[in-house]
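*Asks:* Pasting a predicted model and its sequence here:
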Amino acid sequence: MYQRLTRALLLLLVVTQGGCAVLAPRDPLRIDLVGLEPLPAQGMEMRFAVVLRVQNPNDNPIDYDGLSVELDVNGQPLASGVSDQSGQVPRYGEELLRVPLSISALSVMRQAWAAAGYQNGRGLPYELRGKLGGGLFGTARFSDAGTFNWPQQPLPEGTR
């Protein structure tokens, strides 16, 4: 009986130590907006793919399953998007992720009105918020802010 109790306590100690290692604090991911690429429009909405650079400054890889993004420009909500992509950001490594964003016609009009003082969509302030899904304890929330230049639509052949 004493031996069983000792084994059970030893097993509980090992499991508890392993659980603490999983819950150990980790450095936050570094997620930066590195690009905005036009996609074919659908109906009255515009579509873009936001390109994010995800850097993992930890010595353990980070598995993710799903991504959600919201983009505000000039202090106004502009776009949101989700992706069910999954993968892994390697330890002390980085990945580029592309997430499709939808921009409603109302958001475009609101942005056009608010951005009237900016020249051709240059130097617009943005804030990007989102989360990288990773299960019950692995979800990583992120935000990034700065300025960017709105991508220009390509001109038709023969015009410049």
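*Replies:* Now that the structure is in, tell me what you want to look at.
*Asks:* where are the low-confidence patches of this structure?
*Replies:* Using pLDDT under 70 as the threshold, the predicted model of the chain has low-confidence ranges 1-2, 5-6, 8-25, 112-122, 135-137, 149-160.
*Asks:* 80 instead, please
*Replies:* Within the chain, the stretches falling below the threshold (pLDDT under 80) are 1-26, 106-124, 135-138, 148-160.
*Asks:* Now do the helices in it.
*Replies:* With helices called from DSSP state H, the chain shows them at 2-23, 105-114.
*Asks:* what about the closest residue to Tyr64 other than its chain neighbours, neighbour count?
*Replies:* The shortest distance from Tyr64 to any non-neighbouring residue, by CB to CB, 6 or more residues apart in numbering, is to Leu132 (4.7 Å). Heads up, the C-betas are built off the backbone N, CA and C, glycines and all. Residues contacting Leu132 under the criterion other CB atoms under 10 Å number 23.
*Asks:* Pull up the gap between Leu132 and Pro28, please.
*Replies:* 11 Å (CB to CB, to the nearest Å).
*Asks:* Quickly list what's touching both of the two.
*Replies:* Contact criterion CB atoms under 8 Å, 6 or more residues apart in numbering; residues shared by Leu132 and Pro28: Ala140, Phe142.
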